[in-house]
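Visitor: coords please:
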Amino acid sequence: MLSVKDGYTTVKISLKNTSKKTINNWAVGFEHEGEIQNVKYGRLFTENYSYVGFE
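Guide: Down below sits the predicted model:
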């Protein structure tokens, strides 16, 4: 968690491939409460809706 301000929480999630093989078309799933406002350098999707959140 990087910060909490005015009811919003900013978090940073990093992933590292420790394999020697390239992993293509991967995704990470996680549970959360509330609404995700922005995604930097990635895509956010659900079963019914998808948007690109690149900055």
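
Visitor: got a list of what K12 touches?
Guide: L2 (Cβ atoms under 8 Å, 6 or more residues apart in numbering). No exception for glycine: its C-beta is placed from N, CA and C like everyone else's.

Visitor: so how far is T22 from D6?
Guide: According to Cβ to Cβ, to the nearest Å, D6 stands 40 Å off from T22.

Visitor: Return the helix or strand in the protein with minimum mean pLDDT.
Guide: strand 50-52 (a mean of 53; mean pLDDT, DSSP states H and E).

Visitor: Please enumerate the strands of this protein.
Guide: Along the chain, counting by DSSP state E, strands occupy 3-5, 8-10, 43-45, 50-52.

Visitor: and N17, how many neighbours?
Guide: Counted with other Cβ atoms under 10 Å, the neighbours of N17 add up to 9.

Visitor: Contact partners for it?
Guide: I23.

Visitor: again, only this time at 10 Å
Guide: 23, 26 (Cβ atoms under 10 Å, 6 or more residues apart in numbering).

Visitor: can you check the one 10 residues further on too?
Guide: Neighbouring residues of A27 by Cβ under 10 Å, 6+ apart: 42-43, 45.

Visitor: Cool, thanks, signing off.
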